[in-house]
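Visitor: starting from these lines, generate the structure:
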Amino acid sequence: MRVHLPIRALFAALLLAAAPHVHAQKYPAQTVRIVVPFAAGGATDVIARMIADRLTQRLGQSFVVENRGGASGIVGTQAVQTARPDGYTLLLTGNGPHATNVALFRRLPYDPLKDFEQVSLTGVLPLVLNVHPDTPARSIAEFVQWARANQGKVNYASPGIGTPPHLSMELFAQQHGLMLTHVPYKGSAPAITDLLAGHVPVMFDNVFASIQNIQNGRIRSLAVGSAQRLDSLPSVPTFIESGMAGFEVATWTAMAAPAGTPREIVELLSNQVREIFALPDVRSRLQQQGAVPVTMTPDQTARFVADEIRKWTAVVERAKLPKIDN
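Guide: Alright, predicted model coming up:
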């Protein structure tokens, strides 16, 4: 007995040490939920479903998308925050719930960094500055000149207070010393409708929502917030080209998991996402929609999210936007 007890104890210790690796090797052993904290049909939802389809094919288990919109993404985000950290409930989020909400809400019930394991960035959708064709501006310089000559008289639309298009215009106005009047709408679609009708002359929006109207000439895009021109809009210059050094604005999507999810599972998912986004057909599909197929390691994603939180918190504070009570 004295000979066998230490051996048994050593064997048990080895099993415990190997348990996370065994767990990761068996993962996934059942259906995985990917929660999108927005309604179906938007860019985040489209990207989530594309990723889910590919992960299902590659890992041999079903990855299903569940849309849980509400309260600026808080409802769906909390559903993942409180889920078991076992890799079977994931979040496919955006910069609203995962970055700007930190600055906008008085009491946000989660911390995007502390309450989640970051898996990977899952694409960037640059914002474009769109104007109605009757607007007397065909470049950023001309728009700034026109807006300065009409301080306080130029209205701009956005999908709502605190949305990336709203905050991007706040940043733009801050950098140029412009006084613009914000007209918030309940979503991108009604804002674009009024831009097309000429009821508002200008708005920021992501390329995904704008590309068809830009390509058919119903709206004019003055600049795009990416580092380089987009293949889908080759004639639209970047803000950097237009004289605004370092001005990059975009919506982005990212995958995350509840804090405490085994690192092996996080790394597995991150590697899978990067391999999926390297596939030529996936890259082509994203680029046609105006998205940039960017991915990152978990650590890179965490640093990126932290930088975004700092950037947009500064914009919100300079704009003196009132905190939202939830």
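Visitor: ok, Q61 - contacts?
Guide: Going by Cβ atoms under 8 Å, 6 or more residues apart in numbering, Q61 touches P28, A29, Q30, T31, V32. To be clear about C-beta, it is placed using only N, CA and C from the backbone, and glycine gets the same treatment.
Visitor: backbone dihedrals for Q151, please?
Guide: phi -50, psi 130 (degrees, to the nearest 10).
Visitor: now the strands for the stretch 201-326 of the chain?
Guide: 202-206, 220-224, 250-258 (DSSP state E, counting those that start in this stretch).
Visitor: could I get the ones you listed as CSV with distance to N326 and mean pLDDT?
Guide: Formatted as CSV, these follow (distance: least, Cβ to Cβ, whole Å; pLDDT from 0 to 100):
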stretch, distance to N326, mean pLDDT
strand 202-206, 25, 95
strand 220-224, 33, 97
strand 250-258, 20, 97
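Visitor: make a markdown table from these and add mean neighbour count and distance to G177 to it.
Guide: Below are the strands of the stretch 201-326 of the chain laid out as a markdown table (neighbours: other Cβ atoms under 10 Å; distance: least, Cβ to Cβ, whole Å):
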| stretch | mean neighbour count | distance to G177 |
| --- | --- | --- |
| strand 202-206 | 27 | 17 |
| strand 220-224 | 23 | 18 |
| strand 250-258 | 26 | 24 |
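Visitor: what about the strands in the stretch 51-200 of the chain?
Guide: Assigned by DSSP E, counting those that start in this stretch, the stretch 51-200 of the chain shows strands spanning 63-67, 89-94, 116-131, 154-158, 180-184.
Visitor: need the contact partners of the last one.
Guide: Meaning strand 180-184. 147, 152-161, 166, 169, 173, 194, 200.
Visitor: cutoff 6 Å now
Guide: With contact meaning Cβ atoms under 6 Å, 6 or more residues apart in numbering, strand 180-184 is reached by V154, N155, Y156, A157, S158, G160, I161, A173, V200.
Visitor: equivalent analysis for the second one, please.
Guide: Contacting residues not belonging to strand 89-94 are listed as 33-36, 44, 48, 80, 83, 251, 253-257 [Cβ under 6 Å, 6+ apart].
Visitor: any idea how this protein splits into domains?
Guide: Residue ranges for the domains of the chain, per automatic domain parsing: 31-125+250-319, 126-224.
Visitor: which stretch among those comes nearest G243?
Guide: Closest approach to G243 among these is made by domain 126-224 (6.7 Å; Cβ to Cβ).
Visitor: and the end-to-end length of that closest one?
Guide: Criterion Cα to Cα, to the nearest Å; first-to-last residue distance in domain 126-224 is 6 Å.
Visitor: ok, stretch 94-107 next?
Guide: End-to-end distance for stretch 94-107: 19 Å, by Cα to Cα.
Visitor: in that stretch, what counts as buried?
Guide: Burial within stretch 94-107, assessed by neighbour count using 16 or more other Cβ atoms under 10 Å, is assigned to G94, N95, G96, P97, H98, A99, T100, N101, V102, A103, L104, F105.
Visitor: what pLDDT does the nearest residue to L286 once chain neighbours are set aside get?
Guide: Excluding the flanking residues, the one nearest L286 by Cβ to Cβ, 6 or more residues apart in numbering is P293, at 4.6 Å. Note for P293: predicted pLDDT of 94.
Visitor: my guess is P293 contacts F277, does it?
Guide: Yes - judged on Cβ atoms under 6 Å, P293 makes contact with F277 at a distance of 4.7 Å.
Visitor: coming back round to it: could you say which one of the domains of the chain comes nearest to D231?
Guide: With Cβ to Cβ as the measure, domain 31-125+250-319 is the member of the domains of the chain nearest D231 (5.3 Å).
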